[in-house]
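S.K.: sequence first, then the predicted structure, then my questions.
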Amino acid sequence: MSQTLTVNIKLHPTKAQQAILERMMDTYIRTANQLVAAMVQARESLNLTSKHVTADLPSAVKNQAIQDAKSIFKRAKKKDFQVIPVLKKPYCTWNNQNYSFDFESVSLPIIIDGNVKKTVIRADMVDPDNRNATLLANKLGTLRITKKSNKWIAQIAVTIRTTEKTGTNVLGVDLGLKVPAVASTGCDKARFFGNGRENKYMKRKFRAKRKELGQHKKLKAIKKLDNKEQRWMRDKDHKVSREIVDFAKENHISVIRLERLANIRQTARTSRKNNKNLHTWSFYRLATFIEYKAKLEGIKVEYVNPAYTSQTCPSCGSRNKAKDRTYSCSCGFKKHRDVVGAMNIRYAPVVDGDSQPA
């Protein structure tokens, strides 16, 4: 069992290197789009090599453009060519045999004055105790260089081998706003994760600041603030997901179950005043973080149908609506309503139908 993760490394190219990389990235996506168009016209994935591609790129990079084009063609073919994806954001990719990374720099072939030359680009030194350093000790895959908010980023694919845990211990996790996440084990041990009040306060603070900047028509400042908010939200999701997976490890969990994300905005328990927070919080990102962190520990993640998980009594099975934050049933069962959701998620039908019994 293996999993592929992406590690981001900050690059510091010289001005001359920046100009070359920008030119190569533009050429790369233009070439990939042209190859996709040729495959769509032929209605088949063409058997191409770097010799068939006329572009000012190293051969190894041309081959990666061909691979990207084939991948895009497959997606278009799946949809009967009704939608043809087009690459827009510039980037460039090298395979793992054509670059090296030593934690201080990336060495890779680029085009200089019409010739291919192996070039060293300075990168941020990764702290040996940093988690990324541990990941990079595994098998390295493709390298993608892109530019985000005027920052140069090297994205290195890392393949990690993991061993899937055996056993029947299932953890149910309920996601929400007032309580970002609640987890329940088979022995009815529950834990709350995150601070919903803090999140709500910070979201309100960001909205107020955006409104103020909008009144003064400071569009660049608004964009900068949006980026800051996204970084803050992402950091919160990373911390909550790590705590959940650590809790699963402590309780010898082999499967984590989450609500199916397609309907979470409709099923999330919230009031009208929380609607803005509901539709700006990325439940998908939090679930994705939980999933990839769990897989690194050999813990399987399943998605369940969320129907009635907040209304069904875990004790007798009857349905009741919670009043405020407390769920109570005529059978005498009484608990926090989010804990009830997490308990029921443990037993809810798995979407793909392939699940371990809880």
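M.R.: The structure has been received and is ready for your questions.
S.K.: ranges for the helices of the stretch 251-358 of the chain?
M.R.: For the stretch 251-358 of the chain, the helices defined by DSSP state H, counting those that start in this stretch occupy 264-267, 275-278, 283-296, 337-347.
S.K.: out of those helices, which one sits most buried?
M.R.: helix 337-347 (a mean of 25; mean count of other CB atoms under 10 Å). In short, each C-beta sits where N, CA and C put it, glycine included.
S.K.: what's the mean pLDDT across the helix or strand where Ile145 lies?
M.R.: Secondary structure from DSSP states H and E places Ile145 in strand 139-148. For strand 139-148, mean pLDDT rounds to 92.
S.K.: what lines up beside the helix or strand immediately after that strand in the chain in the sheet?
M.R.: The helix or strand immediately downstream of strand 139-148 is strand 151-161, counting by DSSP H and E. Each strand paired with strand 151-161, and its direction, by DSSP bridges: strand 2-12 (antiparallel), strand 139-148 (antiparallel).
S.K.: list the contacts of the last one.
M.R.: Translated: strand 139-148. Under the contact criterion CB atoms under 8 Å, 6 or more residues apart in numbering, strand 139-148 has outside partners 4, 11, 21-22, 25, 64, 89-96, 99, 101, 106, 108, 152-160.
S.K.: list the buried residues in that strand.
M.R.: For strand 139-148, burial by neighbour count (16 or more other CB atoms under 10 Å) applies to 140, 142-147.
S.K.: ditto for the first one
M.R.: With burial defined by 16+ other CB under 10 Å, the residues of strand 2-12 counted as buried are 5, 7, 9, 11.
S.K.: burial of the nearest residue to the last one once chain neighbours are set aside, as a residue count?
M.R.: Put plainly, it is Leu11. Nearest residue to Leu11, sequence neighbours excluded (CB to CB, 6 or more residues apart in numbering): Trp152, at 4.0 Å. When neighbours are counted by other CB atoms under 10 Å, Trp152 registers 19.
S.K.: by mean pLDDT, point me to the weakest helix or strand of the protein.
M.R.: The helix or strand of the chain with the lowest confidence, counting by mean pLDDT, DSSP states H and E, is helix 275-278 at a mean of 48.
S.K.: residues contacting the closest residue to Tyr99 other than its chain neighbours?
M.R.: Leaving aside its sequence neighbours, Tyr99 sits nearest to Leu108 (CB to CB, 6+ apart; 3.9 Å). By CB under 8 Å, 6+ apart, the residues touching Leu108 are 94, 98-100, 118-119, 121, 143.
S.K.: show me which of those residues is closest to Asp324.
M.R.: Comparing those against Asp324 with CB to CB picks out Leu143 as the nearest, at 52.4 Å.
S.K.: if I look at that closest one, how far off is Lys335?
M.R.: 50 Å (CB to CB, to the nearest Å).
S.K.: before we move on, the earlier item: so which of the strands paired with strand 151-161 comes closest to Arg43?
M.R.: That would be strand 139-148 among the strands paired with strand 151-161, by CB to CB, at 27.7 Å.
S.K.: for that closest one, C-alpha coordinates in PDB please.
M.R.: Extracted C-alpha coordinates of strand 139-148, given in PDB (Å, rounded to 0.1, in the frame of the first residue of the first chain):
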ATOM      1  CA  LYS A 139      10.900   8.000  -3.000                       C
ATOM      2  CA  LEU A 140      10.800  11.200  -5.000                       C
ATOM      3  CA  GLY A 141       8.500  11.500  -8.100                       C
ATOM      4  CA  THR A 142       7.900  14.300 -10.600                       C
ATOM      5  CA  LEU A 143       8.900  17.900  -9.900                       C
ATOM      6  CA  ARG A 144       6.600  20.700 -10.900                       C
ATOM      7  CA  ILE A 145       7.700  24.400 -10.800                       C
ATOM      8  CA  THR A 146       5.000  27.000 -10.600                       C
ATOM      9  CA  LYS A 147       4.500  30.600  -9.500                       C
ATOM     10  CA  LYS A 148       2.000  31.600  -6.800                       C
END
